[in-house]
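Engineer: Any chance you can model this:
(one chain, ligands or ions: 2)
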Amino acid sequence: MQLVSRRSRLRGSVLIPASKSHTIRAVAVAALADGRSLIHNPLLSGDSEAAVRCYRALGAEIDTSDSSLWKVSGVGGRIVPPAETIDVLNSGTTLRIAMGSAALAERGQRTTFTGDAQIQTRPVGPLLEALQDLGAECVSLKGNGKAPVRVGGQLKGGHTSIEAKTSQYVTSLLMCAPLAAGDTEIDVTLLNEPGYVQMTLDWLDKQGIAYENDRMRRFRVQGGQRYKPYDMPVPADFSSATFFLCAGALFADEITLDGLDFADSQPDKGVVDYLRAMGADISIDANAITVRAASLKGVEIDMNATPDALPAMAVVGAYAEGTTRLVNVPQARMKETDRIACMARELAKMGARVEELPDGLVVHHSKLKAAHLDGWSDHRIVMALSIGAMGLDAPCTIDTAEAVAVTFPDFVDLMQSVGADMTLLD
Ligand SMILES: O=C(O)C1=C[C@@H](OP(=O)(O)O)[C@@H](O)[C@H](O)C1
Ligand SMILES: C=C(OP(=O)(O)O)C(=O)O
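Structural biologist: Ligands and ions are numbered 1, 2, ... in the order given. Below you'll find the model as predicted:
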């Protein structure tokens, strides 16, 4: 599919859909719990569908017939691997978390995971090694530290250390360790985006799981614990909101984003601070954020906590006065695509002056022009580029637009509802 995006002025309000990161954690915890959980307001998207299919295959009963209330009967920590390979589609978070869950099976019982072409380029080697240290049987079937992988029981606990270039490794270990028979000690030698680990710890806290956290450098998790069923709504997604925040800061008379909760620990709420530092006009009132276009100036932003915001912030940088430096986010190269390289390339096609850094992007204020763009089958690149087109005299066409469904199937509809001149073409 192609997304054609044209000059737009935005006005109105949007209700931001549920968080992908929370929905996947919600499914995983409920699937491992003893009993029946109710997940209200889940995200309906490719990545959350991947989590549902994955945990069904691992034995949980998940009824999604009511799209606003999923009912999950958990396996009580007793994973029984399916004979068939589990396909996690495009979801890195699902793959990493489910690998830990699969390690809870009995010794000799193994689960094979694969995913789409992008998933098969993303690393999981350090997680395989850590799970192995803790008693699981792990192998990367192509020997390259990537999916397809096979993970078998049984996680017993013990000690491991991990270099977490993606926080998802630590999230995975923290979610399975409580269900191991023995205690687990995890030394974390490097940790990108610790805020996503905090989201996981918030889940453990709500579950009453006992653990010790020494400044995110060392965790001790008591073994022999259980997850219990719960009844909870999923909070709105600040990563999806990012696109409306950025579009609003550039092109809105006034748009209001509803449903977001600043008490939630999602790291991408930090995008509000980034935009304010650039001069954006953003006000926050209860759960509503109101954004009006203002003239923005380039600043340096440490993006380590928020890798998913890089594509949209790069577009903002191209419109801001002066130079925007988005730094310290090397992990953005390990996502669905190498988002640093892809954004540099696509913005250059639009006439932007962009420099790639090993860990980020330098974007200079540029006179942009319309172009035919590649979305690289990466949801966040497609959405970011569509915003880039909103200030131009001629339309931009973005290929691989079907990718938005991975996290935000309603993106185009919601953008249109606040006045974006966008069309999806089959
Ligand atoms: O834990 C999570 O839910 C996520 C963590 C982040 O991944 P990394 O930790 O690999 O950056 C983020 O990019 C991803 O969209 C979701
Ligand atoms: C990187 C992302 O997701 P995941 O790692 O779950 O594939 C994302 O949603 O931008």
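Engineer: Quick check: residues of the stretch 1-150 of the chain near ligand 2?
Structural biologist: Lys20, Asp47, Ser91, Gly92, Thr93 (CB under 6 Å from any ligand atom). In this view, the C-beta of every residue, glycine as well, is placed from N, C-alpha and C.
Engineer: Please dump those into TSV; it should also carry neighbour count for every row.
Structural biologist: Formatted as TSV, these follow (neighbours: other CB atoms under 10 Å):
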residue	neighbour count
Lys20	28
Asp47	23
Ser91	28
Gly92	23
Thr93	24
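Engineer: and those residues near ligand 1, which?
Structural biologist: Within these, those near ligand 1 by CB under 6 Å from any ligand atom are Thr93.
Engineer: Tabulate the residues of the stretch 1-150 of the chain next to ligand 2 (a markdown table), appending distance to Ala177.
Structural biologist: Shown next, in a markdown table, are those (distance: CB to CB, whole Å):
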| residue | distance to Ala177 |
| --- | --- |
| Lys20 | 23 |
| Asp47 | 24 |
| Ser91 | 22 |
| Gly92 | 20 |
| Thr93 | 17 |
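Engineer: Show me what from the protein comes close to ligand 1.
Structural biologist: Ser21, Thr93, Thr166, Ser167, Gln168, Thr171, Asn192, Glu193, Tyr196, Pro307, Asp308, Gln331.
Engineer: Which parts of the protein are helices?
Structural biologist: 20-32, 46-57, 92-102, 125-133, 168-176, 194-206, 238-251, 270-277, 310-319, 339-349, 379-388, 411-417 (DSSP state H).
Engineer: CSV please, covering those helices and showing mean pLDDT and distance to Ala117.
Structural biologist: Supplementary listing: those in CSV, determined by pLDDT from 0 to 100; distance: least, CB to CB, whole Å:
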stretch, mean pLDDT, distance to Ala117
helix 20-32, 98, 20
helix 46-57, 98, 14
helix 92-102, 98, 13
helix 125-133, 98, 18
helix 168-176, 98, 19
helix 194-206, 97, 24
helix 238-251, 98, 22
helix 270-277, 98, 29
helix 310-319, 98, 19
helix 339-349, 98, 15
helix 379-388, 98, 15
helix 411-417, 98, 22
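Engineer: Of the ones you listed, which is nearest Gly153?
Structural biologist: helix 92-102 (8.0 Å; CB to CB).
Engineer: what about Ala83, neighbour count?
Structural biologist: Close neighbours of Ala83, defined as other CB atoms under 10 Å, add up to 7.
Engineer: Likewise for Arg9?
Structural biologist: 14.
Engineer: Assess the claim that it and Ala420 are in contact.
Structural biologist: No. The criterion here is CB atoms under 8 Å, and Arg9 misses it with Ala420 at 9.1 Å.
Engineer: Give the full set of residues in contact with Val298.
Structural biologist: Actually, residue 298 is Gly. It isn't Val. Met278, Gly317, Ala320, Glu321, Gly322, Thr323, Thr324, Arg325, Val363, His364, His365 (CB atoms under 8 Å, 6 or more residues apart in numbering).
Engineer: Tell me the buried residues within these.
Structural biologist: Met278, Gly317, Ala320, Thr323, Thr324, Arg325, Val363, His364, His365 (16 or more other CB atoms under 10 Å).
Engineer: What is the most widely separated pair among these?
Structural biologist: Among the buried ones among the contacts of Gly298, Met278 and His364 lie farthest apart (CB to CB), at 14.1 Å.
Engineer: any idea of the pLDDT on Ala286?
Structural biologist: Ala286 carries a pLDDT value of 84.
Engineer: any idea how far Met199 is from it?
Structural biologist: Distance, Ala286 to Met199, using CB to CB, to the nearest Å: 22 Å.
Engineer: So these two - more neighbours on which side?
Structural biologist: Between Ala286 and Met199, counting by other CB under 10 Å, Met199 is the more crowded of the two (21 against 9).
Engineer: wait, the more buried one sits on Lys269?
Structural biologist: No. If you go by CB under 8 Å, Met199 and Lys269 don't touch, sitting 11.3 Å apart.
Engineer: The spatially closest residue to Gly360 that is not a sequence neighbour - how many residues pack around it?
Structural biologist: In space, and not counting its chain neighbours, Gly360 is closest to Val327: 4.2 Å by CB to CB, 6 or more residues apart in numbering. By other CB under 10 Å, the residues close to Val327 number 16.
Engineer: Bridge partners for Val327, pull those for me.
Structural biologist: Asp302 (DSSP bridges).
Engineer: which residues does whichever residue of the chain sits closest to ligand 2 contact?
Structural biologist: When scored by CB to the nearest ligand atom, the chain has Gly92 as its residue closest to ligand 2, at 2.9 Å. Residues near Gly92 by CB under 8 Å, 6+ apart: Ile119, Arg122, Thr166, Gln168, Lys335, Glu336.
Engineer: The first one and Leu89 touch, don't they?
Structural biologist: It stands for Ile119. Yes. Using CB under 8 Å, Ile119 is in contact with Leu89, at 7.5 Å.
Engineer: Between these two, which is the more surrounded one?
Structural biologist: Neighbour comparison, Ile119 and Leu89: the larger count goes to Ile119, with 23 against 19 (by other CB under 10 Å).
Engineer: pLDDT score for that one?
Structural biologist: 98.
Engineer: what sits against the residue nearest to it when sequence neighbours are not counted?
Structural biologist: Of all residues not flanking Ile119 in the chain, Ala147 sits nearest, at 5.4 Å (CB to CB, 6+ apart). By CB under 8 Å, 6+ apart, the contact list for Ala147 reads Val88, Leu95, Phe113, Thr114, Gly115, Ile119, Gln120, Arg122, Val124, Ser140.
Engineer: Repeat the analysis, applying 7 Å as the threshold.
Structural biologist: Residues in contact with Ala147 (CB atoms under 7 Å, 6 or more residues apart in numbering) are Leu95, Phe113, Thr114, Gly115, Ile119, Gln120, Val124.
Engineer: what's the residue nearest to Gly360 in contact with, if anything?
Structural biologist: Counting by CB under 7 Å, 6+ apart, Val327 has contacts Glu300, Asp302, Met303, Leu357, Asp359, Gly360.
Engineer: Could you verify my assumption that the third one touches Gly360?
Structural biologist: Read that as Met303. Yes. Using CB atoms under 7 Å, Met303 makes contact with Gly360 at a distance of 6.5 Å.
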